[in-house]
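> what's the 3D shape of this:
(one chain, ligands or ions: 1)
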Amino acid sequence: MDGRLVQDSSMAVKKATDIFEKCSKFTRAKELIFAGLYPYFRVIESAQDPEVMINGRRMIMVGSNNYLGLTNHPKVKEAAINAVKKYGSGCAGSRFLNGTLTIHVELEEKLARFIRKEAALVFSTGFQVNLGVISALVGKDDVAIIDKMDHASIIDGCRLSYGEVKKFRHNDMADLERMLQHYDGKGKLIVVDGVFSMEGDVVNLPRLVELAKAYGARIMIDDAHGIGVLGRTGRGTAEHFGLESEVDLIMGTYSKSLASIGGFIAGSEDIIHFIKHSARSLIFSASPPPASVAAVSAAVDIIENEPERIARLWDNTRKMLDGFRSLGFQVGPSETPIIPIMVGDGETAFKMAMMLQEEGIFTNVAVSPAVPDGKALIRTSYMATHTDEQLDRVLSAFEKVGKKLGLIS
Ligand code: PMP
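Numbering: from 1, shown residues only. Below is the predicted model:
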């Protein structure tokens with residue numbers, strides 16, 4: 001503060017608030033750095049493979065969303081390189097104006113077919129899909145009804161909308177029904193994660209569909225962690241439950257199984273047409289670059305042509321769920337390749353991540369607000385390309401660290 005004095009309209013003299021004061025008062029991250037417990041922005045010197053290099057040291061990566069292990073696949077990389085050769089490095093504009101290339105339109109057709117919807121629309125990130133789609137659809141007389149554990153981008157999409165926003169208790173269909181009853185008569189959009197990103201549990205879609213039908217609500221699923229993972233052919237949560245035709249909108253991101261960056265929304269022709277002309281994060285932001293788009297297209301082909309990858313991902317998932325449970329760890333409600341190790345106290349979670357790092361294992365820490373207060377966890381996630389030997393090393397490191405911290409006996 002420079003102690004400047006300003007006068008308000010009543011001529012009383014007040015001290016001005018410095019907008020930057022909050023920055024100098026923000027010490028939480030610095031305390032963690034000082035204590036040697038800071039687990040964020042770690043610099044990786046290699047590709048996003050089952051093993052990565054950090055500070056010149058090889059570590060097993062169980063903190064990546066590269067579920068099918070495609071980010072370093074030769075065909076995906078070749079497609080990206082060829083797209084750069086043909087179209088260059090960027091689009092220099094939004095989809096709406098000069099930024100729509102042949103490959104954007106081709107990818108939209110491919111994704112629509114893959115997701116089994118009439119149409120799809122390609123965005124530059126998954127976050128932008130949720131911002132743009134929810135704010136475009138939920139107008140001032142409508143209500144967005146969302147799960148308490150939905151991803152931050154859904155919450156922010158709701159914040160940008162002019163409608164009301166209501167959160168129901170996590171995966172609690174009775175609570176959802178109470179809200180639907182309350183808002184009878186309004187336009188209603190239920191937005192849920194297909195697979196919840198922190199605890200790896202799956203939405204109760206069969207009941208949600210029944211309720212949506214009974215109360216005239218529409219359904220949008222954020223399938224960031226479902227696509228390439230759930231369903232017989234990797235088409236996601238709706239395929240997993242055999243309810244593809246009952247879900248109005250399916251959102252996906254390219255930053256997980258699809259090995260790139262960007263996102264899409266898929267649904268019926270009319271809705272996609274409306275979103276295309278209303279979503280501000282699409283219209284006023286540059287389109288995804290050629291390399292990213294071509295990589296997604298190649299990744300979709302691989303998902304369709306190499307179903308053994310999904311099978312291998314599930315073998316790894318079962319091995320780790322069983323392994324952690326038999327060591328005595330609490331893995332919460334997880335039923336997917338996202339496996340949280342429940343720790344509870346934030347400080348212990350930070351310590352555990354660092355101890356695991358010393359053992360050569362890369363994990364992620366989730367503390368409030370990513371998870372409820374007092375429910376800190378170590379988030380692990382698996383790839384189709386992890387070997388049994390790597391996974392065994394992960395389990396023995398967890399056993400050693402878990403015993404030291406008194407989490408298991
Ligand atoms: N939804 C969910 C459930 C996510 O986990 C993420 C990414 N962490 C997003 C949306 C945003 O996707 P993107 O990384 O493409 O911005």
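> separation between the residue nearest the centre of the chain and the ligand?
By C-alpha atoms, centre = their mean, the mean C-alpha position of the chain lies nearest to residue 224, the distance being 5.1 Å. According to C-beta to the nearest ligand atom, to the nearest Å, residue 224 and the ligand sit 3 Å apart. Where you see a C-beta, it was placed from the backbone N, CA and C, and this is true even at glycine.
> how close does the nearest residue to that residue once chain neighbours are set aside get to the ligand?
Of all residues beyond its chain neighbours, the one nearest residue 224 is residue 253 (4.4 Å), with distances taken as C-beta to C-beta, 6 or more residues apart in numbering. The gap separating residue 253 from the ligand is 3 Å, by C-beta to the nearest ligand atom.
> let's see the pLDDT reported for residue 253.
If you check residue 253, the pLDDT there is 98.
> what is the neighbour count of it?
Residue 253 has 28 neighbouring residues, counting by other C-beta atoms under 10 Å.
> which residues does the residue in the stretch 301-409 of the chain positioned nearest to the ligand bridge with?
Taking C-beta to the nearest ligand atom, the ligand has its nearest neighbour within the stretch 301-409 of the chain at residue 338, 9.4 Å off. According to DSSP bridges, the residues that bridge with residue 338 are residue 381.
> list the contacts for it?
Contacts for residue 338 were tallied using C-beta atoms under 8 Å, 6 or more residues apart in numbering; they are 195, 196, 197, 198, 199, 200, 225, 379, 380, 381.
> below-threshold pLDDT in this structure: ranges please.
Filtered on pLDDT under 70, the chain yields the residue ranges 1-13.
> contact residues of the stretch 251-400 of the chain facing the ligand?
253, 255, 263 (C-beta under 6 Å from any ligand atom).
> isn't the second one right up against residue 124?
No. Contact between residue 255 and residue 124 fails when scored by C-beta atoms under 8 Å: they sit 11.1 Å apart.
> these two: who's more crowded?
More neighbours sit around residue 124 than around the other of residue 255 and residue 124, counting by other C-beta under 10 Å; the figures are 23 against 19.
> okay, strands next: where are they in the stretch 301-409 of the chain?
Secondary structure of the stretch 301-409 of the chain (DSSP state E, counting those that start in this stretch): strands located at 338-344, 361-362, 364-366, 376-381.
> chain center to stretch 179-196, what's the gap?
Average the C-alpha atoms of stretch 179-196, do the same for its chain, and the two points are 20 Å apart (C-alpha atoms, centre = their mean, to the nearest Å).
> in the stretch 51-200 of the chain, which residue sits nearest the ligand?
residue 126 (2.5 Å).
> residues contacting the closest residue to that residue other than its chain neighbours?
Distances taken as C-beta to C-beta, 6+ apart place residue 253 nearest to residue 126, at 2.8 Å, with adjacent residues excluded. Shown here is residue 253, whose contacts under the criterion C-beta under 8 Å, 6+ apart are 125, 126, 129, 224, 262, 263.
> likewise residue 120?
For residue 120, the contact set (C-beta under 8 Å, 6+ apart) comprises 108, 109, 111, 112, 264, 265, 266, 272.
> what about residue 24, neighbour count?
Neighbours around residue 24, by other C-beta under 10 Å: 9.
> would it count as being in a helix?
Yes. Counting by DSSP: H, G, I helix; E, B strand; the rest coil, residue 24 falls inside a helix.
> from residue 325, how far off is it?
According to C-beta to C-beta, to the nearest Å, residue 24 and residue 325 sit 46 Å apart.
> most tightly surrounded among the strands of the stretch 301-409 of the chain?
Neighbour counts (mean count of other C-beta atoms under 10 Å) averaged over each of those peak at strand 376-381, with a mean of 25.
> and that strand, what does it pack against?
Contact analysis of strand 376-381 by 3 or more C-beta pairs under 8 Å, 6 or more residues apart in numbering; DSSP states H and E lists strand 338-344, helix 346-358, strand 364-366 as its packing neighbours.
> among those, which is nearest residue 389?
Each of those was scored for nearness to residue 389 using C-beta to C-beta, and the closest is helix 346-358 (17.5 Å).
> so for the closest one, what gets flagged as buried?
Neighbour counts over helix 346-358 (16 or more other C-beta atoms under 10 Å) mark 346, 349, 350, 351, 352, 353, 354, 355, 356, 357 as buried.
> and which of the residues you listed is nearest to residue 329?
Checking those against residue 329 with C-beta to C-beta, the nearest one is residue 352 at 10.8 Å.
> does the closest one touch residue 405 like I think?
Yes. Under the criterion of C-beta under 8 Å, residue 352 lies in contact with residue 405, with a separation of 5.9 Å.
> residue 240 touches residue 225, doesn't it?
No. No contact is recorded between residue 240 and residue 225 when judged using C-beta under 8 Å, the distance being 11.9 Å.
> of these two, who's got more company?
More neighbours sit around residue 225 than around the other of residue 240 and residue 225, counting by other C-beta under 10 Å; the figures are 28 against 22.
> contacts only, for the residue lying closest to the more buried one once chain neighbours are set aside.
The spatial neighbour of residue 225 that comes closest, neighbours along the chain excluded (C-beta to C-beta, 6+ apart), is residue 195 at 3.8 Å. The neighbours of residue 195, taking C-beta under 8 Å, 6+ apart as the test, are 201, 202, 203, 223, 224, 225, 226, 229, 230, 237, 336, 338.
> residue 18 versus the residue of the stretch 301-409 of the chain closest to the ligand, what's the distance?
Taken as C-beta to C-beta, the span from residue 338 to residue 18 is 41 Å.
> so residue 264, which state does it fall into?
Under the three-state scheme (three-state DSSP), the conformation of residue 264 reads as strand.
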